[in-house]
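**Q** what shape does this take:
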Amino acid sequence: MSSSVSVAAEWDLLSDRFYRRITIYSPLPWSSPATTTTSSSGGGSGGAGRLDLSTHIVAAAPFGGPIAAVRDDSKIVQLHSEPSRRRLLLFSSSGHPLASSPWTPHLPRLHSLAFSSSLNLLALLSDGSLLRFRLPDLKPIPSSSPVPLLPPASGGVADAVFWGGGVAILTEDNRVVVTADIEVDDPHPRELADPGVGEDEQVLCMAVVEPQFVMSGSPEVLLAVGDRVVAVDEDGVQLLGEALEIGPVQKMAVSPNGKLLAAFAHDGRLLVIPTDFSRIIFEYECDSALPPDQIAWCGLDSVLLYWPEVLLMVGPNGDPVQYNYDEPIMLIPECDGVRILSNSSMEFLHRVPDCITSIFGIGSMSPAALLYDARDHYDKQSAKAYDNYQLISSSLPEAIEACIDAAGYEFDVSRQHALLNAATYGLPFCSQFPQGRIQEMCKMLRVLNAVRDPEIGMPLTIQQYKLLTATVLVGRLINANQHLLALRISEYLNLNPEVVIMHWACEKIAASTAIPDIVLLEGLLDKLRLCKGISYAAVAAHADNSGRRKLAAMLVDHESQSSKQIPLLLSIDEQDKALQKSIESGDTDLVYLVLFHIWQKVAVEKNAPLDFFGIINARPLARDLFMTYARHSKHEALKDFFLSTGRLQDAAFLLLKESRELEKNPVASKGSIHVPQVRLIDQAYRLFAETKEHLFESKSAEEHAKLLRVQHNLEVSTKQAIFLGSSVSDTIKTCIAMGNERAAAKVKSEFKVPDKRWYWLKACALATVGNWDALEAFSKEKRPPGGYKPFVEACIDAGQKTEAVKYILKLTNSAEKSEAYERLGMHEEAKAAALQADNNGDELFSRLKFTLGQNALIDTLRDRFSSQGTY
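**A** Numbering: from 1, shown residues only. The predicted model follows:
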């Protein structure tokens, strides 16, 4: 049990609980004087010598994250002890330099540094503007210009409190401005309600209850103003704890769960109260009424107060625990304790877990302690091992679980082994205990021990690891350029290594400017092939952005997903290859993407599209898709394509289609489209004329253009827009109806209208306008070539029975006469004409029945002819 005594001797009792302070890293690399070297801006580990916390503004990221520092220009430093030019320094928690960058001169004074939840470094300047830096190279994002968070007339920053995703700023004129989206490139600060600070009052301190602990979802800012505390949010200001008579509060800190507040009053009392100030949970009178430099929660059970050289830990009961330091320190709160950073060491102060207390507590006789002791006796081949087993046989599962849990809380590797060996000793005697529990803990400890190594410098506890998750830990490792360890952890935990290998490849490209593309490609492919399905396109895009287009083109050839490959090929000006890949993929959307990209480039650069047409004409799918699209929206492009590829007839048909669309235009009635429509048809005619297979189309286009010219002239002469778009027959009829028989005759002559058709058109036109005298005169000019049937039809259609009878009498065909009489309702005359018919009776009755439908007269005529033997 001597080992248990030595372990427990390191603990400190606070109330009824034990705390321990573990030295994680000591000494830190920066704790000894080092020669300051010069490094290039934005990277490298040079320029990081001795770091003195008393002369620097320092920030540390939670979950064992890195440490950033900038020399405080308001502090006096010894000559030649620091470089004359200030630098932004980045270290791991073990003190190893990660990066160094010159601090931009002529900026407003630096107020504070902090890390965001995504591990971007934030620098708040005294004028209320914010700078963000990317890790690990400390490059400003999105630019080197600060982003203002305060209104111009605010007077600057008086105090500020950061949390993971935002910052609350108290201005010099006592206004509160909160920015909850400091991660974005364009944050949106908003001013909270006026806290009502009088002219003779002063804000002593401030604290923030983070949004996740507030029902409204917005941060709540606590201000100590004079002898009162107010809560400020967007809706208003609330006075807190008026009945408690706390007095002026000089320091405040909110607990990790947002429910409690530690407040140091002006009279030296430390008060722990709920954040709603409903009561005082406990108070402790400190020896000094001077406010501490720092105040922080150590878990949820104790509060740390730091004055120069003294660190006081206060619990709800009993005497506090005091630690003495002869050098400045910085308290870094964690979810389960506090990291203590000094010039020479990194420590971790936390409450001793119950499982460890039960094993290593002095005089402990718990089952876990007896199991641990039994393993010790077993190693010494002592029979007491079996005696201990008999004592705990009924509580063996609880003892094994306690030993496994205790191993997870230990930083000392040898003690982890001892505790796990104790658990394995009891495992064969406990068949119902989960067999995978030890393996699970071993996996976590191997990961934790790997990242705790001083070369990595991430002192995570098992609780922090569980909250952070393995995936986020791997992400932090790759952002710190620890790719090998990140890859090994991913493989060990069966995580997808793609993100690790991709990040490594991108960093490799950025750092290998002097390596030829072919050599670098081979090295990249060796690692990229380790992960099936990895996105080569993403790596190729990074190569292109880094100015290595040839390397990007070679990398993208290995991408298996066309949807990722083709856009990148377009971005690196590999249009031919992109088109070929899109066609091979069979995805028409991708083919259209490439076609539109190439066509747009042709339009922007004002190049002749012949190259484009040549490219797509050799690829049937691309050609057909382009033609389908162009028919609906880009007729000119399609016409140029047809002409450039020798498809003259297709271009001609397209011109005719355009002319028809012009004809449908509402402006057509005014005659304004005549010229372009004729021009289009003339062009179509000339194109048809160059091909021997389209003589009919050529002649039709020529005649159509000639007709449009004639119709245009008629509209000009008559000043009536009624001709364009009509046929030759309609044009003639319209001219005759208007009394312009000379123009009608000219149209007849130009378009070689036959006489038979001419008589039909003129008779119809004269009947339409009711010019019966002219119609009669026209019928007497000479014997009509087609007979008088056109005159009969025109009169019947016009509803003029008397006029129609004149011309029916002149008909020579009895069948036509009978049919005409029947249409006029003259049944007896129709019967008489039918009796005069010759042997074509069958045809006559069929035509009559077709014309008149089911009529009793037809049946009567048929019966009579049958009885007389005529039919």
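
**Q** alpha carbons only for contacts and neighbour counts from here, please
**A** Will do.

**Q** tell me where the stretch 401-550 of the chain is predicted with low confidence.
**A** Of all residues in the stretch 401-550 of the chain, none has pLDDT under 70.

**Q** ditto for the stretch 101-250 of the chain
**A** Those would be none, if you go by pLDDT under 70 across the stretch 101-250 of the chain.

**Q** can you give me the distance of the spatially most central residue of the chain to Pro152?
**A** What sits nearest the mean C-alpha location of the chain, by C-alpha atoms, centre = their mean, is Val184, with 13.9 Å. As judged by C-alpha to C-alpha, to the nearest Å, Val184 and Pro152 stand 21 Å apart.

**Q** in stretch 474-487, what's buried?
**A** Neighbour-count burial for stretch 474-487 flags 474-483, 485-487 (criterion: 16 or more other C-alpha atoms under 10 Å).

**Q** longest strand in the protein, please.
**A** Ordering each strand of the chain by length in residues (DSSP state E) puts strand 17-25 first.

**Q** contacts for it next, please.
**A** By C-alpha atoms under 8 Å, 6 or more residues apart in numbering, the residues outside strand 17-25 that reach it are 10-13, 94, 345-352, 357, 411, 454, 459.

**Q** can we see that at 7 Å?
**A** Under the contact criterion C-alpha atoms under 7 Å, 6 or more residues apart in numbering, strand 17-25 has outside partners 10-13, 94, 345-352.

**Q** equivalent analysis for stretch 343-360, please.
**A** Residues from elsewhere that reach stretch 343-360 (C-alpha under 7 Å, 6+ apart): 4-5, 7-8, 18-28, 31, 51-53, 298, 327, 336-341, 364, 366, 368-369, 402, 405-406.

**Q** just the ones of those residues in strands?
**A** Using DSSP E, the members of the contacts of stretch 343-360 that fall within strands are 18-25, 298, 337-341.

**Q** that older thread, reformat the buried residues of stretch 474-487 as JSON lines; add distance to Cys764 and secondary structure.
**A** JSON lines is the format used below for these (distance: C-alpha to C-alpha, whole Å; DSSP: H, G, I helix; E, B strand; the rest coil):
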{"residue": "Val474", "distance to Cys764": "93", "secondary structure": "helix"}
{"residue": "Gly475", "distance to Cys764": "90", "secondary structure": "helix"}
{"residue": "Arg476", "distance to Cys764": "93", "secondary structure": "helix"}
{"residue": "Leu477", "distance to Cys764": "95", "secondary structure": "helix"}
{"residue": "Ile478", "distance to Cys764": "92", "secondary structure": "helix"}
{"residue": "Asn479", "distance to Cys764": "92", "secondary structure": "helix"}
{"residue": "Ala480", "distance to Cys764": "95", "secondary structure": "coil"}
{"residue": "Asn481", "distance to Cys764": "95", "secondary structure": "coil"}
{"residue": "Gln482", "distance to Cys764": "97", "secondary structure": "coil"}
{"residue": "His483", "distance to Cys764": "94", "secondary structure": "helix"}
{"residue": "Leu485", "distance to Cys764": "98", "secondary structure": "helix"}
{"residue": "Ala486", "distance to Cys764": "95", "secondary structure": "helix"}
{"residue": "Leu487", "distance to Cys764": "94", "secondary structure": "helix"}
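
**Q** tell me which of those is nearest to Lys780?
**A** Relative to Lys780, the closest of the buried residues of stretch 474-487 is Gly475; by C-alpha to C-alpha it sits at 105.2 Å.
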